[in-house]
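J.: got a structure for you, letters missing:
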């Protein structure tokens, strides 16, 4: 059974994923980082051989290293709310 936070996170993810307009790249990187931290925590893959785009995404995620999955979900939800409202 999903917790309230998990449901809110999933709802925010679905809404952001369904947006028709493009978001600024820096905002998309924040969403990516929160999503990865919320779902994978500090379990980072080997970063060798990354292209530039992947390196930016990986760096955004690493900036959240040590953040709890719950805090990452809350961060994603807060960011989604600023975009959606």
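T.: Sure thing, it's come through. Bear in mind that the values here come from a model prediction, so they are computed numbers and not experimental data.

J.: what's the neighbour count on residue 23?
T.: Residues near residue 23, counting by other CB atoms under 10 Å, number 13. Yep, even glycine has a C-beta here, placed from its N, CA and C like the rest.

J.: how about it, phi and psi?
T.: phi -100, psi 160 (degrees, to the nearest 10).

J.: any idea what sits nearest it, other than its immediate chain neighbours?
T.: residue 83 (6.8 Å; CB to CB, 6 or more residues apart in numbering).

J.: Quick one: residues contacting the one you found.
T.: Going by CB atoms under 8 Å, 6 or more residues apart in numbering, residue 83 touches 16, 19, 23, 27.

J.: The residue lying closest to the second one once chain neighbours are set aside and residue 31, how far apart?
T.: With CB to CB, 6+ apart as the criterion, residue 19 has its nearest non-adjacent residue at 7.7 Å, and that residue is residue 83. Distance check for residue 83 against residue 31: by CB to CB, to the nearest Å, it reads 9 Å.

J.: Are there residues contacting both of those two? Which ones?
T.: With CB under 8 Å, 6+ apart as the test, residue 83 and residue 31 both reach 16, 23.

J.: what's the weakest-modelled helix or strand in this structure?
T.: Least confident helix or strand of the chain, by mean pLDDT, DSSP states H and E, is helix 52-62 with a mean of 87.

J.: For whichever helix or strand comes after that helix, buried residues please.
T.: Sequence-wise, the next helix or strand downstream of helix 52-62 (DSSP states H and E) is helix 69-84. Buried residues in helix 69-84, counted by 16 or more other CB atoms under 10 Å: 69, 72, 73, 74, 75, 76, 77, 79, 80.
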